[in-house]
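Student: Next comes the sequence, and after it the predicted model I'd like to discuss.
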Amino acid sequence: MAAKRPRGGGRRERLTARLERLVGRTSGRLVLLTGFAAALWALTALAADLIDAYPGFGESLWSGVRHMLDPGALGDDATGAQRAVGLIQVLTGIVLVVGLALTVLSDLVDRMLHRLAEIDPPVTAKDHLLVIGCGGSLPAILARFSASGWRAPVVVLVPPGPGEERRSLRQRLTEAAPALEVRVVSGDAFHPAGLARGSAAAARSIVILSRPGEDDAAADVLTIQIGAVLAASLEAADRAPQVGIEMRRGENVDSIWELFPPNFDAIVHDRSAGSVLGLAMANPSFTAVIDSASYGSDAPRPFLVGVGERAGSRFAELAGCLPAAVPVGLISGGGDGRVRLVPGPDTRLEATDRVIVLARSEADARRRGRTPASVAAPSPDISDPLPPPRPLLVGWSTTSADYVGAVAGADGAGRARTEITVLASADPGPGPEATELRWRRGDPSDPSTLRDTLAAVAPDVVLVASVGASADPRVTDARAALAALHLCRAAEDRPLTLLVEQRGAGRAAALERADPRIRVVSAAAIAARAIALAAVDPDALAAQEAMAAPEVQLERRLLSEAGAVAAEPDGALRHRAGGRGVAFAAVYRALLDEGAIPIGVARDGVPLESLGAGAPALEPGDELLVLRRAGHRSVRSVQERRLRDPALDPARAIARR
């Protein structure tokens, strides 16, 4: 039986709560103070009338007013009763006046201090990184800058708002990149005066982020407007800082990019993610190599290192003296800035050249070892390019055309048309010339539809697109994550590579922990790395983009030996033990003679961690990811013309091939 509440307890609690709310406001405190003084004034006047201190009640009231407002009225009191009542009224008046004054002044001072807290002084930094905006990719971008060794101050320019929001943002950014000195300042980026608050003209590098909470078209328009204001304000500056602009849709960039100067470089979400997704679908065992942005700092990615003492040597000799890196090309230092991927083996290294290497860290990229006189291993037997895996697309997003085009281009010329099954609620239309889209109508988020499609298509690789009616990327990412988990359950123990497109970067780690077959490709993470490179090292960005350009092609090859490898019934590639091991340098030199370079090795579908001359010997059955012949690309042309000319866009160019 429930205990009875004491009578009056609830009423007393409600009264106490109301009184606390009243005292918490300035107006409430004034009302209470005035009411207390009025009550005491009336009580003292009534007492004076009862003891006949004054001729009548009206005289008692008037005397109370005089004493409360003028303490000197005590000198006019003639009797002891008048003096006693007058003294109480004078003290009440003093309390009233002082209380009112203190209440009003404290409220005024509090308002002034709050207003001063909202106004932050302009930044006077120099050679700093200026970030305009506070989009969802900002923590990832600062983490990339921190990892790259950036130690100059970082200034984040945000729209005017409460100071508490800026302090909270600064705390989050400091936690994301503790090695950086981060300052957050408010300013209107649509006006030169607002940009001046972040010392835009004195910055070494500038990043303009896409505004969150807007749809793609609106966000891109706002970003373009800020870029135009920034370009105009920098015309009179002593130097031109490198500017990276985050955009969402490539079609919103092509028509206006001629308006921007050469030091501006746009990073476009749909094109960058589309190219990576397409190449990852064509080479599922090497997703981590292709998408180094989304897989953390330990995934192989391009670095630039000086030639040093190797000047005058042949390019082929580099393979034996880099124990933890793979040389893939050169950037000329003679002024033209040419990017040459897969140069000829006899290409001589100039002292001003920089070598493009794939490594897991900068330390690995700079490690040196002894050059072996010869490779004591048999000549490797390497197969022709392997056929592409059977793909399934779940959903049709804005990046779908780009990654379908990349899949088509990855198969090479002269091969059969690639069949791509698309599960979508609407017909995506015809695909690129080298592909054949097979459309299956259905709800991409329905578990039964996903199970039936998986059984009917039997794909080797599945891509789940971040798509839906909502413009909020958190909603579409959540739908893609749920569809991926449903597919994992439907696939049971079947070996399958499941690529999940995410516009944000928040769910990557959790999804990959849920099932080892899931590989998350995050557009935000790809953009974060590209933006950081655009602002810090444009040459490294040019080298990275050149690896996805039309002049080169990724293909899968098999390291084989007669009698050592047999086909599996399910078509999967299985490692065969018992064959003779081959040194990585021998495989590298054999492919380099063909105009190709191995940039990844997988054994039983799992990429090997070690690459370079110091890697363990390769075995028959190992799968190779090969980068085939490149043309000559200029660093300057990549920066200036990549988005001005759609023909230079990697995904579109690959799609046309």
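Tutor: That came in fine, so what should we check first?

Student: Now tell me what touches the strand or helix carrying Arg451 from outside.
Tutor: Per DSSP states H and E: Arg451 is located in helix 447-457. Residues outside helix 447-457 that contact it (CB atoms under 8 Å, 6 or more residues apart in numbering): 390, 392, 394, 421, 423, 440, 442-444, 462, 483, 486-487, 489-491. For the C-beta atoms, the positions are set from N, CA and C on the backbone; glycine is no exception.

Student: Under the pLDDT cut-off, which ranges of the stretch 551-657 of the chain? List them.
Tutor: 561-580, 630-657 (pLDDT under 70).

Student: all helices of it, in order?
Tutor: For the stretch 551-657 of the chain, helices defined by DSSP state H, counting those that start in this stretch occupy the ranges 584-593, 635-641, 650-656.

Student: got the end-to-end distance for stretch 589-598?
Tutor: End-to-end distance of stretch 589-598: 9 Å, with CA to CA, to the nearest Å as the criterion.

Student: Please name the nearest non-neighbouring residue to the most centrally placed residue in the chain.
Tutor: Centroid-nearest residue in the chain: Ser137, 2.6 Å away (criterion: CA atoms, centre = their mean). Once flanking residues are discounted, Ser137 sits nearest to Ala524: 4.4 Å by CB to CB, 6 or more residues apart in numbering.

Student: Relative to Ala530, how far out is that neighbour?
Tutor: Distance from Ala524 to Ala530, counting by CB to CB, to the nearest Å: 11 Å.

Student: Between the two, point out the one with more neighbours.
Tutor: Ala524 (27 against 24; other CB atoms under 10 Å).

Student: now Arg271: how far from Trp439?
Tutor: 24 Å.

Student: The two: who's more crowded?
Tutor: Between Arg271 and Trp439, counted using other CB under 10 Å, the more crowded position is Arg271 (27 against 17).

Student: What backbone torsions are found at the closest residue to Ala535 other than its chain neighbours?
Tutor: With sequence-adjacent residues excluded and distances taken as CB to CB, 6+ apart, Ala535 is closest to Ser205, at 3.7 Å. Main-chain dihedrals, Ser205, degrees, to the nearest 10: phi -140, psi 150.

Student: Beta-bridge partners for the residue nearest to Ser285 when sequence neighbours are not counted, please?
Tutor: Among residues not flanking Ser285 along the chain, Ala602 sits closest, at 4.0 Å (CB to CB, 6+ apart). Beta-bridge partners recorded for Ala602 (DSSP bridges): Pro607, Glu623.

Student: now swap in Asp381 and tell me
Tutor: Beta-bridge partners of Asp381, as defined by DSSP bridges: Ser560.

Student: what's the neighbour count on it?
Tutor: Count around Asp381 with other CB under 10 Å applied: 17.

Student: right, and it touches Ser560 too?
Tutor: Yes: with contacts counted by CB atoms under 8 Å, Asp381 reaches Ser560, the gap being 5.1 Å.

Student: shared neighbours of the two, which are they?
Tutor: Pro620.

Student: Identify the residues contacting the closest residue in space to Gly161 that isn't next to it in sequence.
Tutor: Distances taken as CB to CB, 6+ apart place Ser186 nearest to Gly161, at 6.6 Å, with adjacent residues excluded. Residues counted as contacts of Ser186 (CB under 8 Å, 6+ apart) are Asp120, Leu157, Val158, Pro159, Pro160, Gly161, Arg166, Arg197.

Student: now the second one, what's its secondary structure?
Tutor: At Leu157 the chain is in strand, as set by DSSP: H, G, I helix; E, B strand; the rest coil.

Student: any idea of the pLDDT on the spatially closest residue to it that is not a sequence neighbour?
Tutor: Counting by CB to CB, 6+ apart, Gly198 is the residue found nearest to Leu157 once chain neighbours are left out, at 4.0 Å. On pLDDT, Gly198 comes in at 89.

Student: repeat for the one 4 residues further on
Tutor: Per-residue pLDDT puts Ala202 at 89.

Student: ok, back up a step: from the contacts of Ser186, list just the buried residues.
Tutor: Neighbour-count burial (16 or more other CB atoms under 10 Å) applied to those gives Asp120, Leu157, Val158, Arg166, Arg197.

Student: Roughly how far does Val328 sit from Val552?
Tutor: Taking CB to CB, one finds Val328 at 9 Å from Val552.

Student: Same check on Pro620?
Tutor: 27 Å.

Student: I'd guessed the residue nearest to the centre of the chain sits against Ala528; true?
Tutor: Yes: Ser137 lies in contact with Ala528 (CB under 8 Å); the separation is 4.8 Å.

Student: and the closest residue to Ala196 other than its chain neighbours, what pLDDT?
Tutor: Leaving aside its sequence neighbours, Ala196 sits nearest to Pro122 (CB to CB, 6+ apart; 6.8 Å). Per-residue pLDDT puts Pro122 at 79.

Student: again, but for Leu209
Tutor: 90.

Student: what number of residues lie near it?
Tutor: Leu209: 24 neighbours (other CB under 10 Å).

Student: likewise the one 5 residues further on?
Tutor: Around Glu214 there are 15 other residues, counting by other CB under 10 Å.

Student: show me what contacts it?
Tutor: Counting by CB under 8 Å, 6+ apart, Glu214 has contacts Leu222.

Student: mind running it again at 10 Å?
Tutor: Residues near Glu214 by CB atoms under 10 Å, 6 or more residues apart in numbering: Asp220, Val221, Leu222, Thr223, Arg248, Ala471.

Student: The fifth one: what's its closest spatial neighbour, skipping adjacent residues?
Tutor: Taking CB to CB, 6+ apart, and ignoring the residues beside it in sequence, Arg248 has Asp216 as its nearest neighbour in space, at 4.3 Å.

Student: That neighbour reaches Leu222, doesn't it?
Tutor: No: contact criterion CB atoms under 10 Å: Asp216 and Leu222 do not qualify, at 11.1 Å.

Student: hey, what's in contact with both of the two?
Tutor: Ser210.

Student: what are the ranges of the strands in the stretch 101-250 of the chain?
Tutor: Residue ranges of the strands in the stretch 101-250 of the chain, as given by DSSP state E, counting those that start in this stretch, are 129-132, 154-158, 182-186, 205-208, 242-247.

Student: among these, which is the most enclosed?
Tutor: strand 129-132 (a mean of 28; mean count of other CB atoms under 10 Å).

Student: so what does that strand touch, helix or strand wise?
Tutor: Using 3 or more CB pairs under 10 Å, 6 or more residues apart in numbering; DSSP states H and E, the elements in contact with strand 129-132 are helix 138-147, strand 154-158, strand 182-186, helix 192-196, strand 205-208, helix 216-233, strand 242-247, helix 523-536.

Student: I'd like the ones you listed written out as JSON lines, with distance to Leu511 added.
Tutor: Listed next are these as JSON lines, based on distance: least, CB to CB, whole Å:
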{"stretch": "helix 138-147", "distance to Leu511": "16"}
{"stretch": "strand 154-158", "distance to Leu511": "29"}
{"stretch": "strand 182-186", "distance to Leu511": "29"}
{"stretch": "helix 192-196", "distance to Leu511": "39"}
{"stretch": "strand 205-208", "distance to Leu511": "27"}
{"stretch": "helix 216-233", "distance to Leu511": "23"}
{"stretch": "strand 242-247", "distance to Leu511": "23"}
{"stretch": "helix 523-536", "distance to Leu511": "13"}
